[in-house]
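Chemist: turn this into a model:
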Amino acid sequence: NRLPTISTAQPSTEPQIGHVPEITGHVRRNAHDAFAALLVPAAAAGDNLRERLGPHWAALWGPGWIPAVPGDHQRWRIVASAGAEGVVLLGQPLADAEAIELRLNELREQLDLVQHFTRTGTFERDPVTMRGTWDARMFDIWGLPAPPSGKPAPAPSMQTMDSMIVEKEWRHHRFAESHAVAGDHSARLRIRRPDGVVRHIHTQWRVDHDAHGHPIRIRGVNTDDTPLYELATRAEALRGELDAALALARIGVWHHEIDGGRVYLDARCSELMGVPLQRDGMALQDARARIHPADRELVIQATERTLRTGLPCDVELRYPQSDGSTHYVLSRRTLQHDADGRPLRYFGVMLDITEHRLAVQRLRDTVEQMALTAKAIGVGAWETDERVSEVHWDAQMFRLRGVDSPARTVTADEIASYLHPDDRAAVMAAQAAHLLAGESWQQDYRVQWPDGTVRWITSHSASAKDAQGRFVRRIGLNWDSTEAHRAAQALREREAALAQSQEKSRWMTRISHELRTPLNAILGFTQLARRASTDANQSRVANWLALAEDAGQHLRSLIDDILELSSASTGDLRLNLRPVRLADAVAEAVRLVQNDAQSQGVTLDRGDLFGAVQADPLRLRQVLLNLLSNAIKYNHRGGSVQLRSREHDGRVDLQVIDSGRGIPTDRLAEAFEAFNRLGAEAGAVPGTGIGLALVKSLVEQMGGEVAVTSEPGRGTVFTVSLPCAPEPPSSGLACPRAAAPLSAGEHEAEAPAAAVLYIEDNPVNALLVRELLADRPAVQLAVAESGAEGLAAAQAAPPALILVDLLLPDMHGLDVLRALRADARTASVPCVALSVNATPGDVDQALAAGFQAYWTKPIDLANFLDQLSAILGRRV
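Modeler: Presented below is the predicted three-dimensional model:
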């Protein structure tokens with residue numbers, strides 16, 4: 001009816017749709033849209049519709065109950081026609097031909113599916129005419145246009161097919177040759193389709209013969225194997241790449257079948273084990289027998305561990321070879337299971353690590369040799385990883401610091417503790433700066449051992465960077481360079497000694513010139529006086545002697561300056577530092593050079609001098625006299641010398657400014673060199689070249705400085721800078737004058753002659769004193785030529801005064817003094833040392849031993865008589 005539901009059914013329909021009373025309640029009240037769209041419009045139009053309803057059968061019934069579908073042997077045709085109350089469905093059995101056609105259609109559909117999914121086409125040809133048919137799939141495979149109907153169509157000619165086959169040796173004659181043999185044939189070939197695409201074809205055909213053995217029909221299929229071929233080609237390429245990679249990596253592949261107990265090796269594994277390639281594998285016990293005896297237990301343990309844990313396991317082992325060599329192998333294994341989880345086989349690889357192991361061994365040998373060499377030559381190594389801020393020292397690093405310790409990590413504090421205290425701060429700061437900058441570092445420094453020994457260390461280090469350019473590691477070396485430093489110091493000392501020797505040679509050359517000049521005058525004029533006839537002009541002889549005396553005085557002054565310079569240079573100078581008013585010191589010095597200035601026509605201008613300095617009065621006067629004498633000597637008539645002073649920063653500067661010839665600029669640095677007269681030696685102005693050197697030494701000994709500026713042709717300025725001192729009370733002169741000797745009138749009555757003993761081995765020196773005192777009735781002189789003779793004479797008749805030469809042939813003058821003091825008869829007799837040695841050390845030693853005074857040779861006759869009178873208490 002129009003619901004649509006089945007309202008009535010004839011009994012003849014029961015074999016197909018079931019018992020009518022049972023199915024009435026199972027019809028869907030709302031039929032499927034497709035079913036309604038098929039029947040209802042047709043019924044409304046009153047048309048007769050013949051349609052098979054197989055695909056819509058299930059849509060007719062309600063859920064849970066579907067009547068049986070018509071069977072394979074009984075096919076029905078359902079005819080619908082419109083009725084007054086709905087649709088009348090008439091079921092009619094199909095005829096056999098129709099049933100067969102239906103079945104063929106179903107088979108064609110199934111075949112079409114098979115051909116589609118297997119990319120297969122069918123063909124048939126007459127073996128005589130070679131004409132035949134292709135289905136649509138064949139045309140598609142070969143890239144030829146298919147018939148529009150989609151049904152089998154005439155096949156292309158064999159010539160067309162031949163032109164498309166790539167393999168030229170496979171043409172239709174190969175296909176024709178197969179006709180003589182009934183049965184199945186096959187071939188694989190490549191074709192190039194009209195669109196240029198190459199396909200891989202698998203062709204199979206069957207040749208049917210008649211009863212007489214003649215071919216009557218050829219049927220076959222073509223399958224497009226291109227995807228499979230490409231897959232196989234790719235797989236083969238991958239296999240080749242894998243084999244190449246394994247070969248390049250020297251890796252072999254093996255597996256061990258657990259059930260069969262056999263081991264299967266590829267060619268590489270066979271080569272590593274030293275056995276021939278065996279396709280059927282080798283017994284497990286035979287495979288293990290090839291392993292080095294010491295490694296077999298390792299392999300067994302690795303196998304058991306993999307079986308127990310299921311995890312891959314590595315083991316290194318050795319395979320001895322027949323030629324005596326050994327292959328070192330890294331073997332990795334894993335366990336494979338079957339579908340039920342049971343162990344099936346061990347699968348593994350072998351990596352040839354022979355070269356690696358040998359290289360490692362060579363590296364170890366090299367490292368050991370380097371370590372032994374480093375130990376032998378005393379080189380220590382250290383390393384720091386800046387990522388973890390650790391410094392690692394080897395044992396030699398500690399030995400270089402006098403510590404017995406194994407290699408270990410050290411801290412910055414420990415490193416600093418080994419450094420010499422005087423070097424510690426500078427070395428640690430320099431090292432930290434270089435580490436931060438990532439720069440290479442090289443430095444020599446001292447370390448102090450626990451026992452106090454000081455050694456020199458030379459340290460070199462360099463940084464390493466990671467791929468990003470960050471400094472991550474630093475490696476360094478230390479070695480003991482003490483001997484090198486000592487050698488360098490010795491070399492420096494030798495060079496200094498050589499330079500000193502060369503300077504001494506130059507000095508001796510200069511002093512020889514200075515000494516020989518006055519000696520020439522002394523000796524020359526003395527010889528002239530000695531050779532003069534008795535009737536010679538006495539005035540000429542007197543002049544000669546005066547010139548000889550002047551030369552002698554100059555020579556003595558030169559020697560005194562040399563001794564002063566030597567004392568000042570060695571620090572042996574005795575100073576009495578005290579506040580000295582600068583104006584007083586300058587006034588005294590100017591008074592002493594005033595006559596020289598007047599004779600040279602040079603004006604002296606003291607100016608307004610103020611301030612006081614901390615100085616030795618005698619040495620300050622000596623400095624001023626040298627500077628003023630030079631300013632006058634090297635000036636010109638009508639020139640001037642000015643003295644100016646100023647105070648600043650706790651010091652007083654005194655300037656001596658002359659208007660003389662000046663000093664060349666390029667020779668100012670030589671101004672204070674001893675015996676260097678800066679070219680003046682070629683002129684007429686006398687001098688020794690010692691004065692300025694002595695000035696510099698004296699000023700520096702008093703804590704001051706001296707400087708010079710000059711402009712050639714305009715004059716020179718010497719500046720003496722000394723420490724300020726509080727103003728002392730005015731004393732008139734900075735240096736007290738010596739007391740005047742006693743006059744004869746100061747004695748109430750003439751006393752007996754005073755006995756003076758002179759112990760002197762040099763007859764000339766003794767004669768000089770004897771002649772000097774010969775016409776002096778106040779003194780009676782006795783001379784002893786040795787220390788022993790002098791002691792005997794003094795003890796026999798103790799004199800009023802004993803003069804002792806220090807350098808006697810039999811004993812030193814100090815020993816003579818000790819003997820005199822040890823004897824009661826001579827213990828209180830005044831003794832005076834008389835010697836050519838005039839160094840402050842000699843003077844101090846003699847005075848400390850007990851000498852009342854120390855007189856130097858050559859003798860200043862007037863001064864000698866004055867001091868002798870002072871000691872004896874009478875005018876001599």
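
Chemist: next secondary structure after the helix or strand containing S417?
Modeler: Per DSSP states H and E, S417 falls inside helix 412-418. Downstream of helix 412-418, the first helix or strand assigned by DSSP H and E is helix 424-437.

Chemist: quick one: contacts of that next one?
Modeler: Here helix 424-437 makes contact (CB atoms under 8 Å, 6 or more residues apart in numbering) with 384, 386, 412, 415-416, 419, 440-441, 443, 445, 461, 463, 474. From N, CA and C alone the C-beta is placed, and that goes for glycine too.

Chemist: pull out the buried residues from those residues.
Modeler: 384, 386, 415, 419, 441, 445, 461, 463, 474 (16 or more other CB atoms under 10 Å).

Chemist: correct me, but the last one touches S461?
Modeler: Spelled out, that is R474. Yes. At 5.6 Å, R474 counts as touching S461 under the criterion of CB atoms under 8 Å.

Chemist: okay, and the common contacts of these two?
Modeler: Common neighbours of R474 and S461 (criterion: CB under 8 Å, 6+ apart): none identified.

Chemist: ok, which stretches of the stretch 401-550 of the chain are helices?
Modeler: Taking DSSP state H, counting those that start in this stretch, the helices of the stretch 401-550 of the chain run over residues 412-418, 424-437, 482-531, 538-570.

Chemist: same thing with the stretch 751-876 of the chain?
Modeler: Counting by DSSP H, counting those that start in this stretch, the stretch 751-876 of the chain has helices at residues 763-773, 787-796, 813-822, 840-849, 861-872.

Chemist: out of these, which gets nearest to A146?
Modeler: helix 840-849 (133.7 Å; CB to CB).

Chemist: and the closest one, what's buried?
Modeler: 840, 842-843, 845-846.

Chemist: for the helix or strand M370 falls within, buried residues please.
Modeler: Per DSSP H and E, M370 falls inside helix 354-377. Burial within helix 354-377, assessed by neighbour count using 16+ other CB under 10 Å, is assigned to 354, 357, 374.

Chemist: for burial, what's the neighbour tally of the spatially closest residue to the second one that is not a sequence neighbour?
Modeler: Read that as R357. Closest residue to R357 apart from its sequence neighbours, by CB to CB, 6 or more residues apart in numbering: Y328 at 4.1 Å. For Y328, the number of neighbouring residues by other CB atoms under 10 Å comes to 20.

Chemist: now do the one 5 residues further on
Modeler: Residue neighbour count, defined by other CB under 10 Å, stands at 22 for R333.

Chemist: thinking again about what came up before, and of the buried residues of helix 354-377, the nearest to A153?
Modeler: Nearest member of the buried residues of helix 354-377 to A153, counting by CB to CB, is T354, at 68.5 Å.

Chemist: got a list of what the closest residue to that closest one other than its chain neighbours touches?
Modeler: Leaving out its chain neighbours, the residue that sits closest to T354 by CB to CB, 6+ apart is Y328, at 4.5 Å. Each residue near Y328 by CB under 8 Å, 6+ apart is listed here: 316-318, 352-354, 356-358.

Chemist: mind jotting down where the strands sit in the stretch 201-350 of the chain?
Modeler: For the stretch 201-350 of the chain, the strands defined by DSSP state E, counting those that start in this stretch cover 215-224, 251-257, 262-265, 282-283, 313-320, 326-337, 343-352.

Chemist: reformat those as TSV; add distance to R606 and mean pLDDT.
Modeler: What follows is the strands of the stretch 201-350 of the chain, written out as TSV (distance: least, CB to CB, whole Å; pLDDT from 0 to 100):
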stretch	distance to R606	mean pLDDT
strand 215-224	130	93
strand 251-257	106	91
strand 262-265	117	94
strand 282-283	122	94
strand 313-320	102	92
strand 326-337	101	92
strand 343-352	103	92
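
Chemist: want to throw those strands into TSV with distance to E705?
Modeler: TSV is the format used below for these (distance: least, CB to CB, whole Å):
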stretch	distance to E705
strand 215-224	111
strand 251-257	84
strand 262-265	95
strand 282-283	100
strand 313-320	80
strand 326-337	79
strand 343-352	81
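
Chemist: which of these sits closest to E109?
Modeler: For the strands of the stretch 201-350 of the chain, proximity to E109 was assessed by CB to CB; strand 215-224 is nearest, at 18.0 Å.

Chemist: does anything pack onto that closest one? Which helices or strands?
Modeler: Judged by 3 or more CB pairs under 8 Å, 6 or more residues apart in numbering; DSSP states H and E, strand 215-224 is in contact with strand 120-125, helix 136-142, strand 198-209.
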